[in-house]
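Chemist: got a sequence here, can you build the structure:
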Amino acid sequence: MMTHDGELRLHLQRVLRAPRSVVFRALTEPQELTKWWGPDGFAIPSVESDLRPGGSYRIAMQPPEGDLFYLAGEFVEVDPPERLSYTFRWEDPDPEDRETVVKLSLRDIGAARAELVLSQGDFATERRQALHEEGWTQSLDKLEELMSSYAST
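Modeler: Numbers count the residues shown, from 1 in each chain. Presented below is the predicted three-dimensional model:
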């Protein structure tokens, strides 16, 4: 999505079958992140996290084929269970990559359901934006499934 000022940003929304406090934990707790983070077929061997403004995180990602790689960043805003934002950068980035900012907001919408709104940007190229959109879409599909499984227990 290109904004009116020409910036390349990503904007996604989901309704999840869990209260926002449960979703916020899934977005921030390392053991929960390993259950849903990453595109289809990826494993998450480790998540390091210092969940506070200025704290850092680092996520190891193992694709189905290929070498382990990492993404890292710093938390900008941590306001449970409503908002979370952090910088996002690949270690050993592609020449088309740049550090972006991910902003997540949550609001309860009825009994045991939450709306998640995600934005990320600004991307250097449309190709990198599309890659992130695909990765987030697959990740959020897995998060939605995880939240639905918690709701049914």
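
Chemist: which parts of the longest helix along the chain are buried?
Modeler: Counting by DSSP state H, the longest helix found in the chain is helix 126-151. Within helix 126-151, the residues that qualify as buried are 128-129, 131-133, 135-136, 138-140, 142-144, 146-147, counting by 16 or more other Cβ atoms under 10 Å. For every residue, glycine as well, the C-beta is placed using N, CA and C.

Chemist: let me know the closest of the residues you listed to residue 7.
Modeler: Distance to residue 7 across those (Cβ to Cβ) is lowest for residue 129, with 10.1 Å.

Chemist: give me the nearest residue to that closest one, chain neighbours excluded.
Modeler: Leaving aside its sequence neighbours, residue 129 sits nearest to residue 123 (Cβ to Cβ, 6 or more residues apart in numbering; 4.0 Å).

Chemist: pretty sure that neighbour contacts residue 99?
Modeler: No. Residue 123 lies out of contact with residue 99 (Cβ atoms under 8 Å); the separation is 10.5 Å.

Chemist: which of these two has more neighbours?
Modeler: Shown here are residue 123 and residue 99; by other Cβ atoms under 10 Å, residue 123 has more neighbours (22 against 13).

Chemist: can you read off the pLDDT for that one?
Modeler: pLDDT recorded at residue 123 is 96.

Chemist: how close does it sit to residue 39?
Modeler: The spacing between residue 123 and residue 39, counted by Cβ to Cβ, to the nearest Å, is 17 Å.

Chemist: so how far is the helix or strand of the chain with the lowest mean pLDDT off the chain centroid?
Modeler: None of the helices or strands of the chain scores lower by mean pLDDT, DSSP states H and E than helix 126-151, at a mean of 94. Distance of helix 126-151 from the chain centroid (Cα atoms, centre = their mean, to the nearest Å) equals 8 Å.

Chemist: find the nearest non-adjacent residue to residue 84, please.
Modeler: Leaving aside its sequence neighbours, residue 84 sits nearest to residue 104 (Cβ to Cβ, 6+ apart; 4.6 Å).

Chemist: element containing that neighbour?
Modeler: Using DSSP states H and E, residue 104 sits in strand 100-108.

Chemist: quick one: buried residues of that strand?
Modeler: Across strand 100-108, burial judged by 16+ other Cβ under 10 Å covers 100, 101, 102, 103, 104, 105, 106, 108.
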